[in-house]
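# build me a model from this:
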Amino acid sequence: MNKTLFRLTFLCCMLLCFYKPVSGQPLAFPTAEGFGKYTSGGRGGRIITVTNLNDTGEGSLRHAIEQEGARIVVFTVDGTIELQSKLVIKNDSITIAGQSAPGDGICLKGYPLYVNANNVIIRFIRARMGDLHGIEDDAMGAMRVKDLIIDHCSMSWSVDECLSVYRSENVTVQWCMVTHSLSRSLHTKGAHGFGGIWGGGKATFHHNLLAHHSSRNPRFASDGYHPVDFRNNVVFNWGYKPAYGGGRHGKINFVGNYYKPGPATSDEKKTVFLDPAEDGTSAWYLSDNIMVGSESVTSNNWEGVTNQKPCIKAAEPFPFEAIHQDTPEVAYEKILLYAGCSHRRDYYDRQVIEEVRTGTVTGGETYGGGNKGIIDSQNAVGGWPLLKQGESLPDSDGDGMPDVWETAQGLNPNDSTDGNEYTLHNEYTNIEVYLNSLVDFGYHYSVLKEDAGLQVIEKYPQEKISDFSKKLKPLGRIMESEGYYVWCCAPIFGEDGKVHLFYSRWPQKYGMGGWIHKCEIAHAVADSPEGPYTYLETVLAPRPGYFDATTCHNPHIQYIDGTYYLFYMGNSDGSVYTKRIGLAKSKSLYGPWERSDTPILEAGSKGTWDDCNTTNPAFIMHPDGEAWLYYKSWNEEAYRNETGPIRANRKYGLAIADKVDGIYKRVKENPIVDFSVHGDNKQVEDAYVYMEDGRFKMLMRDMGYFDHSVGLIFESEDGIHWSEPRIAWFGAEAYLEEPPAPEHLKRYGRFERPQLLMKDGKPAYLFVAMQGGKYATASGFVFEILSDNE
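Now for the predicted structure:
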């Protein structure tokens, strides 16, 4: 991603001209925005499972849609549904949760999906109609309905408009890909490859992609009484018509959009956003739109409007429902990352995104002489992709929530009624919490602040802010993995000149708590510390029958006397009580890795401060040649008996051995870091120990000394007796602009598990773990550590 764009700050949402929100009314899902955001869909109704890809019959999507009453439709099957007729939603109050499908998800083929009902939520569905059955129709559409939100859907290959939603009220279309309508196909009017008719009364269209349509990019159809809000969309490679229409007395906000001409765009339209309709007096508010290739139109948007005589130039925006508004440049980048069925994009969507990014096209038989990207048949771009199959998790009670997820959340996997209870959230039912957790990333995009790390955080005492903190230059998230949580990135330079990263990861479906029972340690490489990183292999996976039978977590890598040592934490029963420090070693970063069969440090004897476990290792070779292992632990009885958000008190101890493999013996001074003496159950975790200029230094995560968001740095003459801490880094808000935390991420906004990348004996980069990112899971984040003269 372009670093200049990455550093652009978020636009503040406009404070004026918003519709007043309905107090206490829950959103359709946490990232729902715009006029349709309060749509409730099937909330509280039946949970119906689609179990096959048949066109009709029990277990089919059509059968689920045709049921009456409120209903939430989930999937235990993935693949392409070959429709034999139009699929019409006729009965009100339905949620179609395409994100619940395993594998690559669901695609509708052959006929359109049409909404003719109120109170409808559609998420993560592909509607790719095509020309197989010789019909003229849209890929997806809705007209004369109320309360509708379409989110993260991909529409293509229509024989009319790809997506038309108008003459409706309280509507949002967000984060969708609307691409490649078919031009000279089967339409009786001839060339008819159009994007869509978009409008209605109180309708929002934001963060969508329109690409490869000759016209209607989009055509606006307002009801004349309420506004249409068209904001933060991307339009690429239109032909002879960009946006147009508006209708009689239409009221349209056209704000913050990004128009990028392509090979099909005619010369006279390469600087045109909009052709207002001649059949009435429409009113338009234009602001902050970008026309790629035209600085003058970008600076004065009205230069990109033809046929201005019948339209009214509004001086202020018409009332609209607020969204998380971006600059057009940032919206462009975010749409390329997230639009469409982006939780698992198929080949076709990935190809379109690459074309938008590079300004290139694929196919195009007749339009403009051919090869302009405006296609006549889906065959020009490869037709329907083969969707990768996945495996549905067991769901014993058939309530749409997998057993493993219910168990992790404290629900009963044998109670079919708890899906509609409000156990986990006061606004969303349990089944909604589950469905939202699968894809809650809509706009989760981080933007580095231009003054990141340089400002003094006024709420902290000046004398407590370390020089280390003033040298940190944030580079951003460097390790994210689709379908996984990523944690604890331990870096090291290899003999091949590459940066090797050993990191924890576990499947997204297990939530943040999956580290304790489903984690493995993986290996990735990059040419530079900021990436990009390429996954190579899993090096340490749980081993049934051993101390690390259920998890391998929190790696720490060292190179000592020709051998690479990989320290980590394992457990045998998925609990904190069996956490133990293990060790693997290899002569090469590429393996093979020889792993110890037993921990290198057991828990302390019963009744001691560290009798619960040993975990989160830090290691240093002492200048005297001894192996020093720092470890976290706490008292088991306190942990079992205490209540509250943080039980027991985490401390750090030290054990010493003659060689790296052990045998390790605890020092008499333990615990060497004990914050309980400061009261209020203050504590620390996540130590990293290193030597610099002849002194021991230690990085840690604060757990109450200042607060829970900062990092700490200590110094020591002997590695046992440590100074009072100072602040090593601040919370993420000091370095990043990010949207609000997703509901399922409780540790959002703080950096944990610090690891250093050393260069010439000096710390050069700081790697930390943090929640969030484009998959709304967890990821690695890196800071460059500037030298004193930078």
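# residue contacts, Asp686?
For Asp686, the contact set (CB atoms under 8 Å, 6 or more residues apart in numbering) comprises Asn616, Lys632, Leu699, Met700, Arg701, Glu752, Arg753, Pro754. C-beta: built from backbone N, CA, C; applies to glycine.
# start to end distance for stretch 314-321?
Chord length of stretch 314-321, first to last residue, is 18 Å (CA to CA, to the nearest Å).
# for stretch 376-387, same thing?
Using CA to CA, the end-to-end distance of stretch 376-387 comes out at 23 Å.
# how about stretch 211-229?
Using CA to CA, the end-to-end distance of stretch 211-229 comes to 19 Å.
# what of stretch 406-426?
End-to-end distance for stretch 406-426: 17 Å, by CA to CA.
# other residues contacting it?
Contacts to stretch 406-426, defined as CB under 8 Å, 6+ apart, come from residues 44-45, 47, 395-401, 403, 428-433, 510-511, 513-514, 743.
# in JSON lines: the contacts of Asp686, plus distance to Ile478.
What follows is these, written out as JSON lines (distance: CB to CB, whole Å):
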{"residue": "Asn616", "distance to Ile478": "21"}
{"residue": "Lys632", "distance to Ile478": "25"}
{"residue": "Leu699", "distance to Ile478": "18"}
{"residue": "Met700", "distance to Ile478": "22"}
{"residue": "Arg701", "distance to Ile478": "19"}
{"residue": "Glu752", "distance to Ile478": "15"}
{"residue": "Arg753", "distance to Ile478": "14"}
{"residue": "Pro754", "distance to Ile478": "14"}
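# nearest to Phe468, of those residues?
Nearest to Phe468, judged by CB to CB, of those is Leu699 at 8.2 Å.
# how about that closest one, secondary structure?
Here Leu699 is recorded as strand under DSSP: H, G, I helix; E, B strand; the rest coil.
# ok, of the contacts of Asp686, which come out buried?
Asn616, Lys632, Leu699, Met700, Arg701, Glu752, Arg753, Pro754 (16 or more other CB atoms under 10 Å).
# thinking again about what came up before, now the buried members of the contacts of stretch 406-426.
44-45, 47, 395, 397, 399-401, 403, 428-433, 510-511, 514, 743.
# so which of the residues you listed are in strands?
Per DSSP state E, strands hold the following members of the buried ones among the contacts of stretch 406-426: Ile47.
# nearest to Val330 among the buried ones among the contacts of Asp686?
Distance to Val330 across the buried ones among the contacts of Asp686 (CB to CB) is lowest for Glu752, with 26.8 Å.
# that older thread, TSV for the contacts of Asp686, including distance to Val165 and pLDDT?
Output for the contacts of Asp686, formatted as TSV (distance: CB to CB, whole Å; pLDDT from 0 to 100):
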residue	distance to Val165	pLDDT
Asn616	51	98
Lys632	54	98
Leu699	52	99
Met700	53	99
Arg701	47	98
Glu752	43	98
Arg753	45	98
Pro754	48	98
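# quick check, nearest of these to Ile323?
Comparing the contacts of Asp686 against Ile323 with CB to CB places Glu752 closest, at 30.7 Å.
# from what I see, that closest one and Met770 are in contact.
Yes: judged on CB atoms under 8 Å, Glu752 makes contact with Met770 at a distance of 6.9 Å.
# neighbours of Ser164, just the number please.
Residues contacting Ser164 under the criterion other CB atoms under 10 Å number 29.
# can you give me the helices in the stretch 51-200 of the chain?
Secondary structure of the stretch 51-200 of the chain (DSSP state H, counting those that start in this stretch): helices at 61-65.
# pLDDT below threshold where in it?
For the stretch 51-200 of the chain, not a single residue meets the criterion pLDDT under 70.
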